[in-house]
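> just coords:
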């Protein structure tokens, strides 16, 4: 696994331009390519490397293989004002997601709440980006997607539950918003991969082997499956997220999910339909002060709100460069060279 | 702590009548008293004793102390069709909750989604009851309430986070609905009390002592606080639930929550606004079959959906009687005798 020496700081704006150019060169319309660059780099800046530029070559490969419709006709299957059902026509997930959340926000501004169900979508990266769009617009933002199957249910020994995530965001008076973006599994699947590469054991409680027994061997955990966070709690949440994303939309759900294609739900609740936004932010400030101002545990570096650490990391990385590992830099260089684009992102 | 010998099976319909009569005798309007009986006994039938008839004497005491407004004027502070903001005027929580969820369902039927924010409410018992109302009406039901402060945030050593729960429900073709009702803490506060009574240790990871150090001593855990489920995940969820319930409604939130008074959010999404309910149930059936039909772990009794175990328990208890512990039976007897009501519930 990557040691510190394998990381190199790159310039975020240059990286964003490179990623956008790579996609534009593959035939992605200019605006969509620009948005992909922005969203993927944003994930890296926030420290969410699992959803950042490590995906550039994966999506590029899918585009070359014809798995994405670069000129999708997004259709409104049904429209009832506060709610609507969209078909994404297998377009680029990030682009569809932003479109769907824009719709949810518009509807919330008119009706108080907007719920947009999206089927025939694809991998949309970090959910925090879309819930944040709603928070930036003065709404409580929510979204969920169904995701690859990787979790074993309580009482079972087979992976039949998705690694389904949710994100909720809310505006504050701080430079950061409340932004929770979490999977319903104990850990991300990549954590097992890292332990395998490092030849380390994993804590009991992360995974079970293929016979359903607890294991501290990450290889056996990969054969078996990851456990849901909090047992029946994460298990129940994960199923509900698939009901909202997949079952309700008429799109793919459960084991019907392939490596390509997913479904999502986007929701915004407009705060001004309940109280003035300023008053809401005052109340948020009081809640933040109560929690962040409470006594620290021994050795604690502080109490942080969801989204706060990610914001701090982003500021640091915008100023001092974004550390990217050797693998991701190598992939980006390869994509750049294949298209004759300058690879000038390293600081 | 209660051993098996302290349990006695009672007749659920008789228990419901007794509870209703107790409240009617305390001045609660007949319909509301009947509903309280139904909702409290339903929680016990489903095995959720923490929200069942053990509360009868607690609420009765609060009524005698004048903490509840038995004839509340529920006001619609703002109404925008799909959303509305209600003030519960400190009425009985269960009654207000059912009223609010009825409103959410009505609005969902008209607009596709209904969001009802309720402030100046009280303790509403088990959330599953209200989300189930929405599922029974062909909706995805959701509700949350803020609750007493009892959880220590990651990095902290002080209880500043609520034991805030959420519930989500969805209809199925089975006799049971999907119904998840969970707190965002690792365990309910009552689990520490039970360990104290039994003089048992608690697992590390449930609680911290007052200095913020992990503890397996339930007494020290009570002095300190319970941990959120999944660390930052349960912590973030709990805060978001208070934002939705307390901050958005203009009601109490965070440490402002006293022993009396809380705020809630109720939401329904009408399935027919997205696809025919029959089609949705077909898809649910496919999801259920995938998950429940998957291979079992060694020694497993089966894979159960959220709400399924509770449904099975309810059927058994309706047929064979509902086990109530000595403490709860004693309290009911006392309340009955104080009002000259017959205590005839034991089988």
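Perfect, thanks for sending it. These numbers come from a predicted model, not from an experiment. Numbering: from 1, shown residues only, chains lettered A, B, ... in the order given.
> which residues in the stretch 1-150 of chain A form helices?
Applying DSSP state H, counting those that start in this stretch to the stretch 1-150 of chain A gives helices spanning A:12-25, A:30-45, A:56-64, A:93-111, A:128-136.
> And chain B, is the fourth one touching that?
Yes: on the criterion C-beta under 8 Å from any C-beta of the partner chain, helix A:93-111 is in touch with chain B at residue A:111. Quick note: C-beta positions are derived from backbone N, CA and C, even for glycine.
> Low-confidence stretches in the stretch 201-347 of chain A?
The model of the stretch 201-347 of chain A has pLDDT under 70 over residues A:258-260.
> about what we covered before: so which of the helices of the stretch 1-150 of chain A gets nearest residue B:250?
helix A:93-111 (18.2 Å; C-beta to C-beta).
> Buried residues in the closest one, which are they?
Within helix A:93-111, the residues scored as buried using 16 or more other C-beta atoms under 10 Å in any protein chain shown are A:93-105, A:107-111.
> That one vs helix A:128-136, what angle?
20 degrees (axes from the mean of the first three to the mean of the last three C-alpha atoms, to 10 degrees).
> any idea of the mean pLDDT in helix A:93-111?
Averaged over helix A:93-111, pLDDT sits at 98.
> and what of stretch A:119-136?
97.
> returning to that earlier point: please identify the most buried of the helices of the stretch 1-150 of chain A.
Highest mean neighbour count among the helices of the stretch 1-150 of chain A (mean count of other C-beta atoms under 10 Å in any protein chain shown): helix A:128-136, with a mean of 25.
> could you say what helices and strands that one packs with?
Using 3 or more C-beta pairs under 8 Å, 6 or more residues apart in numbering or on different chains; DSSP states H and E as the contact test, the elements touching helix A:128-136 are helix A:30-45, helix A:93-111, strand A:139-145, strand A:165-170, strand A:178-183, strand A:262-270.
> Adding distance to residue A:212, write the ones you listed out as a markdown table.
Converted to a markdown table, the helices and strands packed on helix A:128-136 look like this (distance: least, C-beta to C-beta, whole Å):
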| stretch | distance to residue A:212 |
| --- | --- |
| helix A:30-45 | 34 |
| helix A:93-111 | 33 |
| strand A:139-145 | 27 |
| strand A:165-170 | 24 |
| strand A:178-183 | 21 |
| strand A:262-270 | 27 |
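> Outline the domain layout of chain A.
A:4-66+A:312-338, A:75-185+A:228-276 (automatic domain parsing).
> Of the ones you listed, give the one that comes closest to residue B:138.
Smallest distance to residue B:138 across the domains of chain A (C-beta to C-beta): 12.0 Å, for domain A:75-185+A:228-276.
> for that closest one, how far is the first residue from the last?
Domain A:75-185+A:228-276 has an end-to-end distance of 34 Å (criterion: C-alpha to C-alpha, to the nearest Å).
> do stretch A:148-155 as well
20 Å.
> OK, contacts around residue A:145?
Taking C-beta atoms under 8 Å, 6 or more residues apart in numbering or on different chains as the contact definition, residue A:145 lies against A:121, A:124, A:127, A:164-165, A:241, A:245, A:262-264.
> Then residue A:281?
Neighbour list for residue A:281: A:171-173 [criterion: C-beta under 8 Å, 6+ apart].
> Export the domains of chain A to CSV and append columns for distance to residue B:179.
Converted to CSV, the domains of chain A look like this (distance: least, C-beta to C-beta, whole Å):
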stretch, distance to residue B:179
domain A:4-66+A:312-338, 31
domain A:75-185+A:228-276, 9
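> deepest of these, which one?
domain A:75-185+A:228-276 (a mean of 24).
> now that one, how far from the chain's geometric center?
Offset of domain A:75-185+A:228-276 from its chain centre (C-alpha atoms, centre = their mean, to the nearest Å): 10 Å.
> do the same with stretch A:68-84
21 Å.
> contact partners of that stretch?
With C-beta under 8 Å, 6+ apart, stretch A:68-84 has contacts from A:27-29, A:32, A:59, A:62-63, A:85-92, A:96, A:99, A:103, A:107, A:110-117, A:122, A:250, B:81-82, B:111-113, B:269-270, B:273-274.
> any idea of the mean pLDDT for it?
97.
> Stretch A:12-28 now?
pLDDT averaged over stretch A:12-28 gives 98.
> Ok, stretch A:31-44 next?
Per-region confidence: stretch A:31-44 scores 98 on mean pLDDT.
> what does that stretch contact?
Contact with stretch A:31-44 is made by A:12, A:15-24, A:28, A:49, A:51-53, A:55-56, A:59, A:70, A:92, A:94-95, A:98, A:125-126, A:128-129, A:314, A:317, A:322, A:324, as judged by C-beta under 8 Å, 6+ apart.
> how long is stretch A:81-98 from one end to the other?
18 Å.
> Could you pull out the strands in the stretch 201-347 of chain A for me?
A:207-208, A:214-215, A:225-226, A:262-270, A:322-325 (DSSP state E, counting those that start in this stretch).
> Distance of the nearest residue to residue A:69 once chain neighbours are set aside relative to residue A:261?
Spatial nearest neighbour of residue A:69, excluding adjacent residues (C-beta to C-beta, 6 or more residues apart in numbering or on different chains): residue A:90 at 4.4 Å. Distance, residue A:90 to residue A:261, using C-beta to C-beta, to the nearest Å: 7 Å.
> Quickly list what's touching both of those two.
Common contacts of residue A:90 and residue A:261 (C-beta under 8 Å, 6+ apart): A:120, A:122.
> how close does residue A:245 get to chain B?
Note on residue A:245: its distance to chain B, by C-beta to the nearest C-beta, to the nearest Å, is 11 Å.
> Run through the residues that contact that residue.
A:144-146, A:164, A:251, A:253, A:262-265.
> Looking at those, which is nearest chain B?
For the contacts of residue A:245, the closest approach to chain B (C-beta to the nearest C-beta) belongs to residue A:253, at 6.1 Å.
> my guess is that closest one contacts residue B:282, does it?
No: taking contacts as C-beta atoms under 8 Å, residue A:253 lies outside contact range of residue B:282: 11.7 Å.
> which among the contacts of residue A:281 are in contact with chain B?
By C-beta under 8 Å from any C-beta, no member of those lies near chain B.
> What distance do you get for residue A:99 to residue A:84?
Going from residue A:99 to residue A:84 by C-beta to C-beta gives 11 Å.
> coming back round to it: any chance of the helices of the stretch 1-150 of chain A in CSV, plus distance to residue A:305?
Output for the helices of the stretch 1-150 of chain A, formatted as CSV (distance: least, C-beta to C-beta, whole Å):
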stretch, distance to residue A:305
helix A:12-25, 23
helix A:30-45, 18
helix A:56-64, 30
helix A:93-111, 21
helix A:128-136, 12
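> For the most centrally placed residue in chain A, what are phi and psi?
Nearest residue to the geometric centre of chain A (C-alpha atoms, centre = their mean): residue A:126, 1.7 Å. When read as degrees, to the nearest 10, the backbone of residue A:126 gives phi -80, psi 120.
> Repeat that for residue A:229.
According to degrees, to the nearest 10, residue A:229 has phi -70, psi 130.
> residues touching it, list them.
By C-beta under 8 Å, 6+ apart, the contact set of residue A:229 is A:182-186, B:229-230, B:233.
> for the residues you listed, which one is nearest residue B:341?
residue B:229 (40.8 Å).
> Residue A:329 contacts residue A:9, correct?
No: using C-beta under 8 Å, residue A:329 makes no contact with residue A:9, being 10.5 Å away.
> Overlap of the contact sets of those two?
By C-beta under 8 Å, 6+ apart, residue A:329 and residue A:9 have these common neighbours: residue A:346.
> contacting residues around residue A:150?
A:159, A:161-163, A:185, A:189, A:225-226.
> Helices - which of these land there?
Residues of the contacts of residue A:150 located in helices (DSSP state H): residue A:189.
> Could you list which of the contacts of residue A:150 also contact chain B?
residue A:161.
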